[in-house]
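S.K.: sequence first, then the predicted structure:
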Amino acid sequence: MKFGADIDRMTAYCTYCPKMCRFSCPTADAESRETATPWGMMRLLELAKDNSVALDHEVADAFYHCTGCRRCQTYCEHDNDVPRALWKARRWSVDSGFLPEAYLDLQQRFDESGTPYGKPERRIDDTVFDEQAKIAFWPDCSTVANHPDLVESVGRLLNRLLGSKVQLVRSEEFNHPTCCGFPLTGAGIKTPESCRDDLWPDLDGIDTVYTDCPGLAAWHHDASSWPIAERNTDPEFGHIFELIADKCRTVPPEKTLQLDDRLLHESCYVTRQIDGSDAVGTILAAIQQNPPQQMAYTGDDSQCCGGRCHYQVLEPEASEHAAEKVLDALDRKPAADTMVTTSSMCRDAMADAGGDEQVTNLLQLICEAYGV
Ligand code: SF4
Ligand code: SF4
């Protein structure tokens, strides 16, 4: 398989690198083995690409120990985009018949419910939305599965900010909001374009889609690891934080919140895949009475909780360990008793690691400030 000059250059750089980024990688840290480091995965890809090592189940499995967090890129002198190379290696693995067994269930849940979580337990309240509206909200599938009340709150928030109701993106086939397919691309089963063609609900008549899913937003961010090939007929896509940051100046919240007993965790996808830090900063300035405390690693250095890209399907213990490590930051900041994170999936990963009472999603705080 041809990987292209950019990926060939990346794997060559990694092969001869003294592993400068190793400390930054959540999977390398959680698994404590060289194969799960950025260097180990990229070196193996270099060998497999030139047939020095035969692609088989074991080699293919090694390409899956990356959450796509891009933290290694922050510390890489060559600016290597490791997730871009590894997502392509996963496609190659699946095309060659080496999908890791752990992902078979993921595919089945998609087939049965259109989401990686199975059919949602409760229906979203339709009255909050307008099915004729030209602006739509496509909720993150982890928000739909675990926080359906937040989907409704966001519907009311968008009504407040825009002055009219928005449409909820939902599938006619399944009759609930379905997943954009990002986890299937992370598993190498599909491409972003084939997700759009095969899985997405009909978006005809919609001009703009806002989402709280950083994966779907990353596909529509040119500088992300996996930009989708956009078509003229597609609606505009944006992360909901971009819209809120834009509108909160003219439509201020009902109240401001005391956030100085919170610790801010910046989700790696919001920060490094969609460059969302400025939007988060603008929103925090609008909703806070006093700012949240900063973690030791912020912005481009922020830690990955290991919850991304269904890494927990492959390595549940390591994934939990990575989330615990982020939660540990609370022990080092006695004046902070809870954490606020900028993504639904990160909140749930840390909740699964024992932090259910300790972590809130920023979107929940925004809705609280707006009284919705
Ligand atoms: S990503 Fe960069 S820093 Fe990390 S191993 Fe490769 S070349 Fe080295
Ligand atoms: S993108 Fe994140 S998980 Fe993937 S290799 Fe780099 S640091 Fe590790």
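M.R.: Thanks, I have it. Ligands and ions are numbered 1, 2, ... in the order given.
S.K.: so where do the helices sit in the stretch 1-150 of the chain?
M.R.: With DSSP state H, counting those that start in this stretch as the definition, the stretch 1-150 of the chain shows helices at residue ranges 5-15, 26-31, 38-49, 57-62, 71-74, 82-95, 104-113, 141-146, 148-162.
S.K.: if you could redo that for the stretch 201-350 of the chain, that was the one I meant.
M.R.: Using DSSP H, counting those that start in this stretch, the helices found in the stretch 201-350 of the chain span residues 214-219, 240-247, 268, 277-287, 311-314, 316-327, 344-350.
S.K.: in the stretch 101-250 of the chain, what residue is nearest ligand 2?
M.R.: With Cβ to the nearest ligand atom as the measure, Ser225 is the residue of the stretch 101-250 of the chain nearest to ligand 2, at 8.2 Å. From N, CA and C alone the C-beta is placed, and that goes for glycine too.
S.K.: pull the helix or strand with minimum mean pLDDT from this structure.
M.R.: Ranked by mean pLDDT, DSSP states H and E, the weakest helix or strand in the chain is helix 311-314, scoring a mean of 89.
S.K.: so is that helix next to ligand 2?
M.R.: No. Judged by Cβ under 6 Å from any ligand atom, helix 311-314 and ligand 2 are separated, with a smallest distance of 7.8 Å.
S.K.: what is that helix packed up against?
M.R.: helix 316-327 (3 or more Cβ pairs under 8 Å, 6 or more residues apart in numbering; DSSP states H and E).
S.K.: can you list contacts of the helix it packs on?
M.R.: For helix 316-327, the external contacting residues (Cβ atoms under 8 Å, 6 or more residues apart in numbering) are 26-27, 29-31, 36, 265, 303-307, 311-312, 339, 349-350, 352-355, 358-359.
S.K.: quick check: buried residues in it?
M.R.: By neighbour count on 16 or more other Cβ atoms under 10 Å, the buried set for helix 316-327 is 318-327.
S.K.: stretch 241-258 too?
M.R.: Residues of stretch 241-258 classed as buried by neighbour count (16+ other Cβ under 10 Å): 241-245, 247-248, 253, 257.
S.K.: quick check: the farthest pair among those?
M.R.: Greatest spatial distance among the buried residues of stretch 241-258 (Cβ to Cβ): Glu242 and Leu257, at 21.0 Å.
S.K.: get me the contact residues on the stretch 1-150 of the chain for ligand 2.
M.R.: 24-27, 38, 66-72, 82-83.
S.K.: can you list the residues of the stretch 51-200 of the chain near ligand 1?
M.R.: 72, 75-76, 78, 80, 82.
S.K.: now those residues: which count as buried?
M.R.: Restricting these to buried positions leaves 72, 76, 80, 82, with burial counted as 16+ other Cβ under 10 Å.
S.K.: quick check, nearest of those to ligand 2?
M.R.: For ligand 2, the closest of those turns out to be Cys72, at 3.3 Å, with distances computed as Cβ to the nearest ligand atom.
S.K.: show me which residues of the stretch 251-372 of the chain sit near ligand 2.
M.R.: On the criterion Cβ under 6 Å from any ligand atom, ligand 2 has as its neighbours in the stretch 251-372 of the chain the residues Cys304.
S.K.: could you list the low-pLDDT ranges of the stretch 251-372 of the chain?
M.R.: For the stretch 251-372 of the chain, no stretch has pLDDT under 70.
S.K.: doesn't Gly68 make contact with the residue of the stretch 101-250 of the chain closest to ligand 2?
M.R.: Yes. A contact is recorded between Ser225 and Gly68 when judged using Cβ atoms under 8 Å, the distance being 6.3 Å.
S.K.: now do the SS call for the residue nearest to Asn159 when sequence neighbours are not counted.
M.R.: Closest residue to Asn159 in three dimensions, ignoring its sequence neighbours and counting by Cβ to Cβ, 6 or more residues apart in numbering: Lys165, at 5.0 Å. Three-state secondary structure (criterion: DSSP: H, G, I helix; E, B strand; the rest coil) places Lys165 in coil.
S.K.: Lys165: neighbour count?
M.R.: Lys165 is flanked by 19 other residues according to other Cβ atoms under 10 Å.
S.K.: got a pLDDT number for it?
M.R.: On the pLDDT scale, Lys165 is placed at 98.
S.K.: list the contacts for it?
M.R.: Residues 128-130, 133, 155, 158-159 are the ones in contact with Lys165 under the rule Cβ under 8 Å, 6+ apart.
S.K.: would you mind putting the residues you listed into a markdown table with pLDDT, neighbour count and distance to Glu172 alongside?
M.R.: As requested, those are exported to a markdown table (pLDDT from 0 to 100; neighbours: other Cβ atoms under 10 Å; distance: Cβ to Cβ, whole Å):
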| residue | pLDDT | neighbour count | distance to Glu172 |
| --- | --- | --- | --- |
| Val128 | 97 | 20 | 19 |
| Phe129 | 98 | 23 | 15 |
| Asp130 | 98 | 17 | 17 |
| Ala133 | 98 | 20 | 17 |
| Gly155 | 98 | 24 | 19 |
| Leu158 | 98 | 26 | 22 |
| Asn159 | 98 | 17 | 23 |
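S.K.: between which two of the residues you listed is the distance greatest?
M.R.: Val128 and Ala133 (11.4 Å).
S.K.: so who does Asp260 touch?
M.R.: The neighbours of Asp260, taking Cβ under 8 Å, 6+ apart as the test, are 290-293, 335.
S.K.: in the stretch 151-300 of the chain, which residue sits closest to ligand 2?
M.R.: The stretch 151-300 of the chain approaches ligand 2 most closely through Cys268 (7.1 Å), counting by Cβ to the nearest ligand atom.
S.K.: if any of the contacts of Asp260 are buried, put those into a PyMOL selection.
M.R.: A single PyMOL command suffices to select whichever of these are buried according to 16+ other Cβ under 10 Å:
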select buried, resi 292+293
